[in-house]
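S.K.: Got a predicted structure plus its sequence, pasted below:
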Number of protein chains: 2
Amino acid sequence: MIRTMARSSGAELALLLLGGFHSMADEVHAELAHRGHEGVRPGHEFALRTIDAGADTASELGRRLSVSKQAAAKTIAALQQLGYVVRETDPDDARRKRVQVTPRGHEMMAIGGALFDEVRNRWAAQIGVRQLDALEGHLARLVERRPVSADDLARFDDGLREENRVAALDQNSQ
Amino acid sequence: MIRTMARSSGAELALLLLGGFHSMADEVHAELAHRGHEGVRPGHEFALRTIDAGADTASELGRRLSVSKQAAAKTIAALQQLGYVVRETDPDDARRKRVQVTPRGHEMMAIGGALFDEVRNRWAAQIGVRQLDALEGHLARLVERRPVSADDLARFDDGLREENRVAALDQNSQ
DNA sequence: ATAACTAGACAACCACGTTGTCTATCTCGT
DNA sequence: ACGAGATAGACAACGTGGTTGTCTAGTTAT
């Protein structure tokens, strides 16, 4: 009978990473609500950033965020509801609906970004700028070259990469 | 009109942290499924670890994970369904149902832990043990003393602390 | 012209969390 | 001894953010 083995430094590291993210996101979004952007949920902001960076259709947003186009469409609908984006049919391709960030959307991004930067600066002050730079550099390297898992190989893997995970394999129509 | 400002190093840091977590969790759970633990979802493993560490009732698990006791109860039900825990009424307190980790549960924890450790070791090999130690140390400090947000103060904040976030304020009965 | 691909909409579903309400049980102060 | 209050858990309704599957319409390539 296998005995306890409750602790795993690997698992603890994973929790630290998740905790770090939550720690930042919670604070930012609380403060964001405080400053006139109530309905915003973590994810909205990142999606908005991605749209602004050029992912101006639901399908493209889905690809960049590694979620299904349907999920991306729902996010866009939410952003539209909140007044952060508008959509209009692409004159050059009647299938597409081009998404555009509104001024209010840009404002939210600016405030959110500033808040995130604020947290980051506080962290830099706590552990030192060089340490934080190193931490980011390491994380970037670690996240970037995630080895393709055995299961991924079982399917047709195109080499698409985005944010942080291997591209969703778009089977059939979707 | 506010102009773009698409990049925010703070937001990027947040994404790196989240990406790091996903990178680990995805890999571990793919491999876990591969080794005879199919239904396991990230979260299940952490919950199981917490139970094994002494959170043997739904309410207590909820407190330690900073989720509602109802959410914790659902998780326990899932773990039970998967055969990782059993529940029996506490003879000393008929309200409580004590949760116990089964041998299969311990096996899953052991394998999962080993897999997480494996990823961590690979990271250590990539960036160096001392760098990884430093990274963890910093994260721990950063996560630990998350300043209480303005909104938290608006409510009665008891000083409870768990995993990584301020305790859920248990209003009314829940 | 037609076949193949692509964008988006819609529906059904699932995982995981939330609140609110209810009952059963325990604990403690008078 | 007992009644008030706290606590554990069950149940229901709901929200969010994903998933698949299916469908239509428009575009592209042969």
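M.R.: Looks like it arrived, so ask away.
S.K.: Only C-alpha atoms from now on, for both contacts and neighbour counts.
M.R.: Noted.
S.K.: who touches residue A:135 in this structure?
M.R.: residue B:135 (Cα atoms under 8 Å, 6 or more residues apart in numbering or on different chains).
S.K.: pLDDT score assigned to it?
M.R.: On pLDDT, residue A:135 comes in at 87.
S.K.: Any figure for the gap between it and residue A:52?
M.R.: Distance, residue A:135 to residue A:52, using Cα to Cα, to the nearest Å: 27 Å.
S.K.: Equivalent analysis for residue A:23, please.
M.R.: 25 Å.
S.K.: In terms of helices and strands, where is the residue nearest the centre of chain A?
M.R.: Taking Cα atoms, centre = their mean, the centroid of chain A lies closest to residue A:46, which sits 4.6 Å from it. Assigned by DSSP states H and E, residue A:46 belongs to helix A:44-52.
S.K.: what's in contact with that helix?
M.R.: Applying Cα under 8 Å, 6+ apart, the contact partners of helix A:44-52 are A:57, A:61, A:64-65, A:75, A:79, A:84, A:99-101, A:105, A:108-109, A:112, B:4, B:6-7.
S.K.: tell me which parts of chain A are close to DNA strand C?
M.R.: Residues of chain A lying near DNA strand C by Cα under 7 Å from any atom of the strand: A:57-60, A:69-70, A:73, A:95-98, A:173-174.
S.K.: Using pLDDT, spot the least trustworthy of those.
M.R.: Out of the residues of chain A next to DNA strand C, that is residue A:173, at 42.
S.K.: circling back: in PyMOL, how would I select just the buried ones from the residues of chain A next to DNA strand C?
M.R.: Selection of buried members from those for PyMOL, criterion 16 or more other Cα atoms under 10 Å in any protein chain shown:
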select buried, chain A and resi 57+58+59+60+69+73+96+97+98
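S.K.: What ranges in chain A fall below the confidence cut-off?
M.R.: Applying pLDDT under 70 to chain A picks out residues A:1-6, A:145-174.
S.K.: Can you show me the strands along it?
M.R.: Along chain A, the stretches classed as strands by DSSP state E are A:85-89, A:97-101.
S.K.: Quick one: closest of these to DNA strand D.
M.R.: Closest approach to DNA strand D among the strands of chain A (Cα to the nearest atom of the strand): strand A:85-89, 9.6 Å.
S.K.: And the closest one, what does it pack against?
M.R.: Under the contact definition 3 or more Cα pairs under 8 Å, 6 or more residues apart in numbering or on different chains; DSSP states H and E, strand A:85-89 sits against helix A:69-81, strand A:97-101.
S.K.: quick one: contacts for the closest residue to residue A:113 other than its chain neighbours?
M.R.: In this structure, residue A:113 finds its nearest non-sequential neighbour in residue B:8, 5.1 Å apart by Cα to Cα, 6 or more residues apart in numbering or on different chains. Residues near residue B:8 by Cα under 8 Å, 6+ apart: A:113, A:114, A:116, A:117.
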